[in-house]
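Novice: No sequence on hand, only this structure:
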């Protein structure tokens, strides 16, 4: 007989009562108690297993959440570093979303349009384009480029623009594609004003004397070749005039080389002025050189 059933009988029935007639009923009741014990143990085991599984799932979720936080933190740090790099680069960078809304502009990008980031974000795409076009010497050419980009969003742009202030920029633009989907367009403007000036200075120095700024032998030979080619094409004659300054060495020896250079510059300017004043020689290639 089940222990719990036995205690119940002893507690509630007198010992003088004969329960033999209830033996079959008590056996069935005892089996019911045993079955209940079995069911209870099964339920407890199931609850323990479920609890263990839930604890394991909970720990897994906590670890995933922690990993996600770490990944998000690393991503935010990477983005912050990239923003810092982009903001400190001298190249002007403007990034526009699909609808033409500004998503990011670095410091140089704000400077090229002379607008704040709040103004750029508040403006429509046309207003921002107008702000740039108003600064250009040739806005029509750049407007044509913008129209081509509007027709074909995948167009890659590489061109040069010049502002009314005299600054020159190399312009690059390309679409940002993610999983074959157009998500934004990036515009980059690199100021090449100083590079062009330095290139022009180097070109000038290659063909002029450092001290007197007079054309050197290289430019003289180049001018002679050009004049001869021009004469052959037009069936005209070419004349080369050599002028020797007598006793020029005495000026260098007595007054110094600086005075001698100044004298050469003065003489070359006067001779060139005389030649340019002759109407019959206007088409000639005129080069005065200190050789």
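Specialist: The structure has been received and is ready for your questions. Every value quoted in this text rests on a predicted model; they were computed, and no experiment measured them.
Novice: Could you pull out the strands in the stretch 51-200 of the chain for me?
Specialist: Taking DSSP state E, counting those that start in this stretch, the strands of the stretch 51-200 of the chain run over residues 92-97, 102-105, 157-162, 168-178, 181-191.
Novice: Which residues are in contact with residue 159?
Specialist: 142, 145, 170-171 (C-beta atoms under 8 Å, 6 or more residues apart in numbering). Placement of C-beta: from N, CA and C, glycine included.
Novice: Residue 110 too?
Specialist: Contacts of residue 110 by C-beta under 8 Å, 6+ apart are 116-117, 120.
Novice: Who wins on neighbours among the contacts of residue 159?
Specialist: residue 142 (18 neighbours; other C-beta atoms under 10 Å).
Novice: Would you mind confirming that it is in contact with residue 161?
Specialist: Yes. Between residue 142 and residue 161 there is a contact at 5.9 Å, judged by C-beta atoms under 8 Å.
Novice: sorry, back to before: in TSV: the contacts of residue 110, plus distance to residue 259 and pLDDT.
Specialist: Shown next, in TSV, are the contacts of residue 110 (distance: C-beta to C-beta, whole Å; pLDDT from 0 to 100):
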residue	distance to residue 259	pLDDT
116	57	86
117	59	83
120	59	83
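Novice: out of these, which one sits closest to residue 252?
Specialist: Taking C-beta to C-beta as the measure, residue 252 lies nearest residue 116 of those, at 60.9 Å.
Novice: Quick check: pLDDT value at residue 47.
Specialist: pLDDT, residue 47: 77.
Novice: what about it, helix or strand, and which?
Specialist: Using DSSP states H and E, the element containing residue 47 is helix 23-88.
Novice: ok now that helix, how far from the chain's centre?
Specialist: Offset of helix 23-88 from its chain centre (C-alpha atoms, centre = their mean, to the nearest Å): 46 Å.
Novice: Check which helices and strands it is in contact with.
Specialist: helix 3-12 (3 or more C-beta pairs under 8 Å, 6 or more residues apart in numbering; DSSP states H and E).
Novice: quick one: the helix holding residue 47 to strand 92-97, angle?
Specialist: If you take axes from the mean of the first three to the mean of the last three C-alpha atoms, to 10 degrees, helix 23-88 sits at 140 degrees to strand 92-97.
Novice: follow-up on the earlier one: residue 239: which of the contacts of residue 159 is nearest?
Specialist: Nearest to residue 239 among the contacts of residue 159: residue 170, at 44.1 Å, using C-beta to C-beta.
Novice: ok, now which ones touch the closest one?
Specialist: 158-160, 189-190, 192.
Novice: Ok, residue 151 next?
Specialist: Contacts of residue 151 (C-beta under 8 Å, 6+ apart): none.
Novice: a markdown table for the contacts of residue 110, including neighbour count and distance to residue 47?
Specialist: Formatted as a markdown table, those follow (neighbours: other C-beta atoms under 10 Å; distance: C-beta to C-beta, whole Å):
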| residue | neighbour count | distance to residue 47 |
| --- | --- | --- |
| 116 | 11 | 63 |
| 117 | 14 | 58 |
| 120 | 20 | 61 |
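Novice: Pick out whichever of those residues sits closest to residue 229.
Specialist: residue 120 (52.9 Å).
Novice: Which residue, other than its chain neighbours, is closest to that closest one?
Specialist: Among residues not flanking residue 120 along the chain, residue 102 sits closest, at 4.7 Å (C-beta to C-beta, 6 or more residues apart in numbering).
Novice: so how far is residue 183 from the one you found?
Specialist: Using C-beta to C-beta, to the nearest Å, one obtains 14 Å as the distance from residue 102 to residue 183.
Novice: Give me the common contacts of residue 142 and residue 161.
Specialist: Joint contacts of residue 142 and residue 161 (C-beta under 8 Å, 6+ apart) are residue 136.
Novice: For the most centrally placed residue in the chain, which residues are in contact?
Specialist: With distances taken as C-alpha atoms, centre = their mean, the residue of the chain nearest its centroid is residue 93 (5.2 Å). Shown in contact with residue 93 (C-beta under 8 Å, 6+ apart): 86, 104-106, 108-109, 186-188.
Novice: ok, the residues you listed vs residue 251, which is closest?
Specialist: Nearest to residue 251 among these, with distances taken as C-beta to C-beta, is residue 108, at 52.5 Å.
Novice: Please name the nearest non-neighbouring residue to that closest one.
Specialist: Per C-beta to C-beta, 6+ apart, closest to residue 108 is residue 92, 4.0 Å.
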